[in-house]
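Student: fold the following, please.
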Amino acid sequence: MSTGERPYAPTVAYREVRDAKGRVYRIGETDRDILGHSRKLMVYLPWIAMLAISVFEYAYGSAEGTLAHAHHWSQSDTFWILSVWVFFQAGVAFPAGWLREKGIVTARRAMFIGAALCLVGFLSLSHLRHVLGAILGYGVLGGVGSGLIYATCINMVGKWFPERRGGKTGFVNGGFAYGAVPFIFIFNYGFNTADYHRVLDLIGVYILVVVSCCAWFFRDPPKNWWPHDVDPLGGTGHAKRTAGLDKNPPAVRQYTPVEALRSGMLPLIWLLVVLTAGVSIFGISFQVPFAKEVGFGPLVAASSMGVMSVINGIGRGFVGWLSDRWGRKTTLFFVIVVLGLSQFGVLWAGDTRNQVLFLVFAFISGFGGGAFYPLFATLTPDYFGENYNASNYGLAYSGKLVSGLFGGGLGSMAVDAWGYRGAYLLAGFLSLAAAALT
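Tutor: Below you'll find the predicted structure:
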């Protein structure tokens, strides 16, 4: 156990009930009985931590020009640093989840380790001139650190809100996008070869402090815990809290990762993550360079990425709320179609040199490019239950490690081979294929 974290000892009587399909629910304890305060804190604290680490992915594209000039890196070098970061950020989710579920690493300890590794990541980007050092420091260690934080935060909110996880997970997930907005503008306007050391060092310290403060209060609920004011057998309780259960009923039982894989649904979710996240990462990596390529000024380039990040984040919260009302699968199909069509729109606006349309389609692309993440995060426990969700979602989210390769690194190769036109057309058609697979 990490310092100050004590195992939960029940002080209120609880009982376990089974529904008609044999699923177990632990009822009787309120969130205040377990935590000493409202479970809402388990939404706000993960959200704040996600705000802090969003700079890794969503602001990197705005910083790469200065970094390339300062360290004498090529464009391909900077893209591969991000691709390696994506690989490890996604790849650590399953082992981290497995360690949590085995009781080897607590949620709080995972957050502390992640915060320290994030600091190392930014210090490496700041002070290591050789691209291999930056890949190891920012890509590998920074990726592992931010991945630990991301996975812990997403699973935390899902465990505490099993009856209406869509909106809550979407809200927390949104912080991972729009939290980068201030840094996008800093990197476009106040980031140069004279002060880049100071800026990157301070960002690393900022992440360490914010995430560590949030981590101190993290605690998982007991296994099978269910809110006391929602009847898991009859579906009765507060109307707002039971509405989501009508469209997204709980999993029939708690599936282990092996059982989830054998069902066939987890591999399909993994494939959809590969395709959609790859297109999203491509947009994050190339939208600003594409804007500059077609002659748009730095304000439009920065604003387009800022718009993408804001709407990316707000869209995650919106579709999480929407999925509680439409159903998770219907909402996912809608989001992926929007993602695909927006790729064609961004290309068209760039080809016609229309700055207004470019910002409009950046808006739409930002919505589609992030909104699917909370849907996959909520589909997984909807299908397979909460008890093994850290591992099951870790497997699903690991699709992003493949996405990082073709979204960033291979995306760069596609741009080199076919130009931005060919690369954007490919991204659009891949998205529509993913929509068909839903």
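Student: which helix or strand contains Leu359?
Tutor: Counting by DSSP states H and E, the element that carries Leu359 is helix 355-384.
Student: and the next element down the chain from that helix?
Tutor: Per DSSP H and E, the first helix or strand lying C-terminal to helix 355-384 is helix 389-397.
Student: what helices and strands are in contact with that next one?
Tutor: helix 93-101, helix 142-160, helix 257-262, helix 265-293, helix 355-384 (3 or more Cβ pairs under 8 Å, 6 or more residues apart in numbering; DSSP states H and E). C-beta coordinates here come from the backbone N, C-alpha and C atoms, glycine included.
Student: go through these and pick out the most buried.
Tutor: helix 142-160 (a mean of 28; mean count of other Cβ atoms under 10 Å).
Student: now that helix: average pLDDT?
Tutor: The average pLDDT within helix 142-160 is 93.
Student: ok, the closest residue in space to Ala414 that isn't next to it in sequence - contacts?
Tutor: Of all residues not flanking Ala414 in the chain, Ala423 sits nearest, at 4.2 Å (Cβ to Cβ, 6 or more residues apart in numbering). Contacts for Ala423 (Cβ atoms under 8 Å, 6 or more residues apart in numbering) come out as 282, 286, 411, 414-415.
Student: which phi and psi does Leu347 have?
Tutor: Backbone dihedrals for Leu347, given as degrees, to the nearest 10, come out at phi -60, psi -50.
Student: just give the number of residues close to it.
Tutor: Counted with other Cβ atoms under 10 Å, residues neighbouring Leu347 total 20.
Student: element containing the nearest residue to it once chain neighbours are set aside, please.
Tutor: Excluding its sequence neighbours, the residue lying closest to Leu347 (Cβ to Cβ, 6+ apart) is Tyr424, at 3.9 Å. Here Tyr424, judged by DSSP H and E, is contained in helix 410-437.
Student: check Pro250 too.
Tutor: Assigned by DSSP H and E, Pro250 belongs to neither a helix nor a strand.
Student: check contacts around Glu29.
Tutor: Per Cβ under 8 Å, 6+ apart, neighbours of Glu29: 10, 12, 14, 222, 225, 228.
Student: between those residues, which has the most around it?
Tutor: Going by other Cβ under 10 Å, Trp225 tops those with 22 neighbours.
Student: residue ranges with poor pLDDT in the stretch 1-150 of the chain?
Tutor: Applying pLDDT under 70 to the stretch 1-150 of the chain picks out residues 1-11.
Student: and the strands in it?
Tutor: In the stretch 1-150 of the chain, the strands defined using DSSP state E, counting those that start in this stretch lie at 15-18, 24-27.
Student: reformat the ones you listed as TSV; add distance to Gly350.
Tutor: Converted to TSV, the strands of the stretch 1-150 of the chain look like this (distance: least, Cβ to Cβ, whole Å):
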stretch	distance to Gly350
strand 15-18	57
strand 24-27	52
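Student: just those strands: most buried one?
Tutor: Using mean count of other Cβ under 10 Å, strand 24-27 ranks as the most buried of the strands of the stretch 1-150 of the chain, with a mean of 18.
Student: what angle separates the helix holding Tyr424 from helix 355-384?
Tutor: 60 degrees (axes from the mean of the first three to the mean of the last three Cα atoms, to 10 degrees).
Student: quick one: buried residues of helix 410-437?
Tutor: 410-412, 414-415, 420, 423-424, 426-428, 430-432, 434-435 (16 or more other Cβ atoms under 10 Å).
Student: spatially, which two of those residues are the most separated?
Tutor: Largest separation among the buried residues of helix 410-437 by Cβ to Cβ: Ser412 and Ala435, giving 25.1 Å.
Student: distance check, Leu437 against Leu141.
Tutor: For Leu437, the distance to Leu141 equals 34 Å [Cβ to Cβ, to the nearest Å].
Student: okay but Phe176 is in contact with Gly313, surely?
Tutor: Yes: at 7.0 Å, Phe176 and Gly313 qualify as touching, with contact defined as Cβ atoms under 8 Å.
Student: what do these two both touch?
Tutor: 54, 370.
Student: so which of the contacts of Glu29 comes closest to Gly278?
Tutor: Trp225 (35.7 Å).
Student: quick check: chain neighbours aside, which residue is closest to that closest one?
Tutor: Of all residues not flanking Trp225 in the chain, Arg26 sits nearest, at 4.9 Å (Cβ to Cβ, 6+ apart).
Student: do you know how far the one you found is from Arg421?
Tutor: 56 Å.
Student: outline the domain layout of this protein.
Tutor: 35-231, 251-437 (the TED database).
Student: for these, which one sits closest to Lys21?
Tutor: Using Cβ to Cβ, the domains of the chain put domain 251-437 closest to Lys21, at 4.4 Å.
Student: and the closest residue to Leu128 other than its chain neighbours, how many residues sit next to it?
Tutor: Nearest non-adjacent residue to Leu128, counting by Cβ to Cβ, 6+ apart: Ala134, 5.4 Å away. Neighbourhood size, Ala134 [other Cβ under 10 Å]: 27.
Student: thought Ala134 was touching Ser124?
Tutor: Yes: under the criterion of Cβ under 8 Å, Ala134 makes contact with Ser124 at 5.8 Å.
Student: now do the shared contacts for the two.
Tutor: In contact with both Ala134 and Ser124: no residue, using Cβ under 8 Å, 6+ apart.
Student: count the residues that sit near Arg353.
Tutor: 11.
Student: if we can go back for a sec, tell me which of the domains of the chain lies nearest to Leu245.
Tutor: domain 35-231 (5.9 Å).
Student: okay, how far is it across that closest one, tip to tip?
Tutor: Across domain 35-231, the terminal residues are separated by 21 Å (Cα to Cα, to the nearest Å).
Student: tell me how far that domain lies from the chain's centre.
Tutor: In terms of Cα atoms, centre = their mean, to the nearest Å, the centre of domain 35-231 is set 9 Å apart from its chain centre.
Student: ok, the residue nearest to Leu347 to Leu268 distance?
Tutor: Distance from Tyr424 to Leu268, by Cβ to Cβ: 26 Å.
Student: check Gly345 too.
Tutor: 28 Å.
Student: ok, now Val140?
Tutor: Computed as Cβ to Cβ, the Val140 to Leu268 distance reads 29 Å.
Student: hang on, Phe187 packs against Ala63?
Tutor: Yes: counting by Cβ under 8 Å, Phe187 does reach Ala63; the two are 4.1 Å apart.
Student: pick out whichever of these two has more residues nearby.
Tutor: Remark: of Phe187 and Ala63, Phe187 carries more neighbours, 28 against 22, as counted by other Cβ under 10 Å.
Student: tell me the helices and strands packed up against the helix or strand where that one lies.
Tutor: According to DSSP H and E, Phe187 maps onto helix 181-189. With contacts taken as 3+ Cβ pairs under 8 Å, 6+ apart, helix 181-189 sits against helix 60-71, helix 298-326.
Student: just list the residues touching Ile311, thanks.
Tutor: 363-364, 366-367.
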